[in-house]
Every structure is written in structure tokens, then in C-alpha cells.
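Undergrad: Return a 3D structure for these sequence lines:
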Amino acid sequence: MTTLYGREARERIWSLIKDTKVAMLATHAPTGLMHARPMMPQIRDHSDKAFDGVLWFFTGADTGKIDEIDANPAALLTFSDPKGHNYVSMNGTVSVSRDPAIIEELWSFADKAWFPKGKDDPNLRLLRFEAIDAEFWDSPGLIATGIALLQGIASGQPADPGDHGYADLDIPAFPDERTGPRGVGPRSPNEPPRETVLVSAGPRDPMG
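TA: All right, here's what the predicted structure looks like:
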């Protein structure tokens, strides 16, 4: 099992998730069980700096996940690429924002299908996922994976189709990000609504 740290870990994880179109975001339901739903990642441009672990989502204020996040910001985000046999699971925290600069940056014409009043739609919210660590399964590709499986069958030994590892992301606090303190817990009853979120980038889910 491979263990990566810091920038190397972030670069490896970024290489595995940047082209994935759909992720699954799991939050804590009131029952205590995990509640997952598909989200379409909104990937920001990281060409000028290392991946900062921030993933953004568009969602509606009237969806159940808002209450779940408000009660418990701990979340699990998973990425699956069956075609390439690559998989990533991220632990992190998520919170709710209406940052107009981020909405402007991420907005596309297709989003009007979910938010007909546009970028100023009162139901529009941002989710910002802050990655803490990750686990990954990275194969060399379909053909190489198939060969490894056949070799395992022929040799009678367990197949070794790729790399499985843990990534300690060690997310730095970039000065240009509008972030709150790491490890923010549930909001107290007398605390005003938070307008920022914790470290991450990402998916959109109009439904769940």
C-alpha cells in the first residue's frame, strides 16, 4: 500500500479526479445513517497552483442536504472511473455559501435548467467540500489490468492490478481562498448563518 503526503498526495488525487464527471457525496442523515447522492463536480482551474483540496457544488436551498450539513459538516466524497479502473474516496467537511464571485466563476448557461432565475436565483446555494485525506485505487489501464488478472489466475497467486494507497493531503491555507477555520463544527443556535465553507472543489446536485 502506497502512502503519499502533501503536494505529492494532492497531485496524485487531482490526476485521478479532475476528469470525473460525477461523484457521490455522502452526508449524515438525521437517523445517523449516511445519505449519498450523485453530484456533478465543478472543477476550477488549478494550473497556477497545486490542487488545494476544495471542490464546489451547486445545489438548492430547499434540498435535504442543507439541513444535514448544518447539523454535521463531516462528509465523504467518492469518485469512480470504472472504464479506467480508478477510484478515490475522500474524507472532509462541507458547508454552505452564496459567494457571488464563486457563483460567477462556476456558472454556465446549462445551470438555468435547475435555477431558472439565473445566478441571482434565491434558491441557489454553493457547497464547498474541504478534503482532509483520501484513499485511492489506481490501475495502469484496462488492458494492463486484464493481463494482471489473467496472470493471477495462471500463477495461482492473488492478482496485483494496480496501486492502492492513502493520501495525507495536508491542505495549505491559500491566501486567495475565502476559507473559514479548518475543523469548523456544527453551528450553535445563536450563531448567524455561515457564508463560507471549508477547503474543497466540486459537484452540483439539483435534487438531493
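Undergrad: Name the residues of stretch 10-23 that come out as buried.
TA: For stretch 10-23, a neighbour-count test (16 or more other C-beta atoms under 10 Å) marks 10, 12-14, 16-17, 20, 23 as buried. C-beta here means a position set from N, CA and C on the backbone, and glycine is covered the same way.
Undergrad: then that stretch to PDB, C-alphas only?
TA: The C-alpha coordinates for stretch 10-23 follow below in PDB (Å, rounded to 0.1, in the frame of the first residue of the first chain):
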ATOM      1  CA  ARG A  10      -2.700  16.300  -3.800                       C
ATOM      2  CA  GLU A  11      -1.200  16.000  -7.300                       C
ATOM      3  CA  ARG A  12      -1.900  12.200  -7.400                       C
ATOM      4  CA  ILE A  13      -5.500  12.700  -6.200                       C
ATOM      5  CA  TRP A  14      -6.100  15.600  -8.600                       C
ATOM      6  CA  SER A  15      -4.900  13.400 -11.600                       C
ATOM      7  CA  LEU A  16      -7.400  10.800 -10.700                       C
ATOM      8  CA  ILE A  17     -10.500  13.000 -10.200                       C
ATOM      9  CA  LYS A  18     -10.100  16.000 -12.500                       C
ATOM     10  CA  ASP A  19     -11.800  14.300 -15.500                       C
ATOM     11  CA  THR A  20     -14.600  12.500 -13.500                       C
ATOM     12  CA  LYS A  21     -18.000  13.900 -14.400                       C
ATOM     13  CA  VAL A  22     -20.000  12.600 -11.400                       C
ATOM     14  CA  ALA A  23     -19.100  12.000  -7.700                       C
END
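Undergrad: So which residues of the chain form helices?
TA: Using DSSP state H, the helices of the chain run over residues 6-17, 64-71, 100-106, 142-155.
Undergrad: What ranges does the chain have for its strands?
TA: Ranges of strands in the chain, per DSSP state E, are 2-5, 23-28, 34-42, 54-60, 74-81, 86-97, 124-138, 163-168, 202-204.
Undergrad: will you turn these into TSV that also has distance to P116?
TA: Output for the strands of the chain, formatted as TSV (distance: least, C-beta to C-beta, whole Å):
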stretch	distance to P116
strand 2-5	43
strand 23-28	24
strand 34-42	18
strand 54-60	12
strand 74-81	28
strand 86-97	21
strand 124-138	10
strand 163-168	39
strand 202-204	15
